[in-house]
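J.: Fold the following.
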Amino acid sequence: MDLKPTDTVRAVGLKRNWFTIVSLVSRDFKLKYRRSVLGVLWSVLNPLLMMCVLTAVFSTIFRFGNIENYPLYLILGNTLFALMSDSTSGAMNSIIESAPLIKKIKINKMIFPLEKVLFQLVNFAISLIAVAIVMVYFQIVPTWNILLLPVLLLYMLLFCAGLGMTLAALAVFFRDVRHLWGVLLTAWTYATPLFYPIEILPDWMMAFEKFNPMYYFVTYFRDIALWGTTPSLKMNVICLVFAVVTFVVGLIVFKKTENKFILYV
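T.: Below is the predicted model of the structure:
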């Protein structure tokens, strides 16, 4: 079947955009580990070191260590939350930081927030080595449910991309968003059961968790990697709804405002 001219142009555009994204991810990867002795190993060491510190604190001082395989419980929650936190923070600043390039050439501006999300996804993939090390240490054999990890990452990719595009657009017009987001992330961290069992929450906080997408994503990750259980259909539907709605909202906000970016960056 012959391709229409519009289809050919669209294919070329997609290929060019993908090449640009890959180039930017490669650039960010080199910049992150430039002049670092251990380099990419930090993506493995950082979650391991954080796990050790938090395990020492919360299993002794706050006594949450009664959770089975608590270090793995910690590292699963922290690495997934870090994926969201780092990718959305990077996406939020992406348009402002790319202002010189945006002013010089015509380029698809959506590339910049999406690249930041994909870059952090690569870092997350490397950090899974740390998760594997902890699983081996505690002799936890993954079940076939671990094969659902790509499904979870698809949910996370859509959610983070949507949230990142929304933040990127807002940050261009309201620079205070960049400072406010750090505060909100801190509150979100403590509102999500990353290092404590959800059972200790009061009733009003339990009601809040129903509207906390990261609670569902983290629970999904622990189900397939720690508990070896299959997430229910309801859990998958909830995660999918959070992911798709957030992505669609982010896409609409970004598309509605991107033509004005050049006036404010």
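J.: Okay, helices next: where are they in the stretch 51-200 of the chain?
T.: In the stretch 51-200 of the chain, the helices defined using DSSP state H, counting those that start in this stretch lie at 70-97, 99-104, 111-137, 149-173, 176-191.
J.: Next, the buried residues of the longest one.
T.: Put plainly, it is helix 70-97. 70-96 (16 or more other Cβ atoms under 10 Å). (Glycine included, C-beta is placed from N, CA and C.)
J.: and what of the third one?
T.: Applying a neighbour-count criterion of 16+ other Cβ under 10 Å, the buried positions in helix 111-137 are 111-121, 123-124, 127, 130-131, 134-135.
J.: ok, now the fourth one?
T.: For helix 149-173, a neighbour-count test (16+ other Cβ under 10 Å) marks 152-153, 155-172 as buried.
J.: now swap in the shortest one and tell me
T.: When burial is assessed from 16+ other Cβ under 10 Å, helix 99-104 yields the following buried residues: residue 102.
J.: Residues in contact with that helix: which ones?
T.: 95, 107, 109, 261, 262, 265 (Cβ atoms under 8 Å, 6 or more residues apart in numbering).
J.: Provide a ChimeraX selection command restricted to the buried entries of the residues you listed.
T.: Buried subset of the contacts of helix 99-104, written as a ChimeraX selection, criterion 16+ other Cβ under 10 Å:
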select :95,109,261,265
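J.: List just the nearest of the contacts of helix 99-104 to residue 219.
T.: Nearest to residue 219, judged by Cβ to Cβ, of the contacts of helix 99-104 is residue 95 at 32.5 Å.
J.: Looking at the closest one now. What's its pLDDT?
T.: On pLDDT, residue 95 comes in at 94.
J.: Leaving aside the residues adjacent along the chain, what's closest to it?
T.: Counting by Cβ to Cβ, 6 or more residues apart in numbering, residue 168 is the residue found nearest to residue 95 once chain neighbours are left out, at 4.9 Å.
J.: circling back to that earlier point, just give me the least confident of the contacts of helix 99-104.
T.: Scoring the contacts of helix 99-104 by pLDDT puts residue 265 last, at 78.
J.: pretty sure that one contacts residue 96?
T.: Yes. Using Cβ atoms under 8 Å, residue 265 makes contact with residue 96 at a distance of 5.8 Å.
J.: Find the residues that touch each one of these two.
T.: By Cβ under 8 Å, 6+ apart, residue 265 and residue 96 have these common neighbours: residue 172.
J.: OK, contacts around residue 260?
T.: Here residue 260 is in contact with 172, 173 (criterion: Cβ under 8 Å, 6+ apart).
J.: Using the three-state scheme, assign it.
T.: Following DSSP: H, G, I helix; E, B strand; the rest coil, residue 260 is assigned to helix.
J.: Now do it against residue 122, distance only.
T.: Residue 260 sits 31 Å away from residue 122, going by Cβ to Cβ, to the nearest Å.
J.: Residue 158 now?
T.: Taking Cβ to Cβ, one finds residue 158 at 17 Å from residue 122.
J.: now do residue 105
T.: On the measure of Cβ to Cβ, residue 105 and residue 122 end up 25 Å apart.
J.: And residue 166, by the same measure?
T.: 22 Å.
J.: cool, residue 263 as well?
T.: 33 Å.
J.: Residue 215 now?
T.: Taking Cβ to Cβ, one finds residue 215 at 25 Å from residue 122.
J.: same check, this time on residue 76
T.: 19 Å.
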